[in-house]
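Visitor: whatever this is, show me its structure:
(one chain, ligands or ions: 1)
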Amino acid sequence: MRRAVCPGSFDPVTNGHLDIFGRASRLFDEVIVGVLINQSKSGLFSVEERMEMLREATAAYGNVRVESFQGLLVDFCRDQHAAVIVKGLRAVSDFDYELKMAQMNIGLSGVETLFMPTNPLYSFLSSSLVKDVVKWGGDVSAYVPDVVVDRLQSRFGQD
Ligand code: ADP
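Guide: Prediction:
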């Protein structure tokens, strides 16, 4: 079975992430979304909350599974029997860091990284920008799935 891992913080998941998951899900038998547990960065949502939103938002794809991991991404890929990491590239500025990570990861374990150009509709979109806009009352419903809109509203007390 050909499996790919899409790693990230997903605090929270955006339509940019979902676009990458959907495209990856057509290329691989199974896509594993790996939510990084970062002890030194708490985030707006807990890892469990992020996973709940991800599960709801990816249910329709049928072959996307949501897991969490800590430590090295290459170890997570080995545990999941995934030979490929899929990452979305928003702009050239993403590429510099992503290239180094991809080269380190292939050196560590032989895992390949596939870069997918982001859908131009979402090339400016990030989880942090979504949180900033919502904090000041802006409407982000075009950029995140409904489950995230609901959670953001209750978190920022707008419902
Ligand atoms: P980070 O890894 O910086 O915490 P995220 O968790 O938000 O960022 O995103 C995880 C991965 O999803 C990124 O490394 C990138 O590959 C991809 N990604 C993020 N935002 C977008 C977007 N708007 N369009 C396409 N891919 C994206």
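
Visitor: use CA for all of it now, contacts and neighbours both
Guide: Will do.

Visitor: residues from the chain in reach of the ligand?
Guide: Among all residues of the chain, those adjacent to the ligand (criterion: Cα under 6 Å from any ligand atom) are 7-10, 16-17, 20, 87-90, 118, 122-123, 125-127.

Visitor: among those, which are in strands?
Guide: Among the residues of the chain next to the ligand, DSSP state E puts Pro7, Gly8, Lys87, Gly88, Leu89 in strands.

Visitor: if any of the residues of the chain next to the ligand are buried, give me the ChimeraX selection for them.
Guide: For selection in ChimeraX, the members of the residues of the chain next to the ligand meeting the burial criterion (16 or more other Cα atoms under 10 Å) are listed in this command:
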select :7,8,9,10,16,17,20,87,88,89,90,118,125,126,127
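
Visitor: residue contacts, Arg2?
Guide: For Arg2, the residues meeting the contact criterion (Cα atoms under 8 Å, 6 or more residues apart in numbering) are Phe28, Asp29, Glu30, Ala82, Ala83.

Visitor: quick one: low-confidence ranges for this protein?
Guide: Within the chain, the segments meeting pLDDT under 70 span 158-159.

Visitor: residue boundaries of the strands in it?
Guide: 3-8, 30-36, 64-69, 84-89, 112-117.

Visitor: tilt between the fourth one and strand 30-36?
Guide: Meaning strand 84-89. 70 degrees (axes from the mean of the first three to the mean of the last three Cα atoms, to 10 degrees).

Visitor: give the pairing partners of strand 84-89; include direction for each.
Guide: Looking at strand 84-89 with DSSP bridges, its paired strands and their directions are strand 3-8 (parallel), strand 112-117 (parallel).

Visitor: who touches it?
Guide: Identification of contacts with strand 84-89 by Cα under 8 Å, 6+ apart yields 3-7, 17, 20, 24, 77, 95, 111-118.

Visitor: next: the last one.
Guide: With Cα under 8 Å, 6+ apart as the test, strand 112-117 has contacts from Ile20, Ala83, Val84, Ile85, Val86, Lys87, Gly88, Leu89, Arg90, Ala102, Asn105, Ile106.

Visitor: just the buried ones from the contacts of Arg2?
Guide: With neighbours counted using 16+ other Cα under 10 Å, the contacts of Arg2 contain these buried positions: Phe28, Glu30, Ala82, Ala83.
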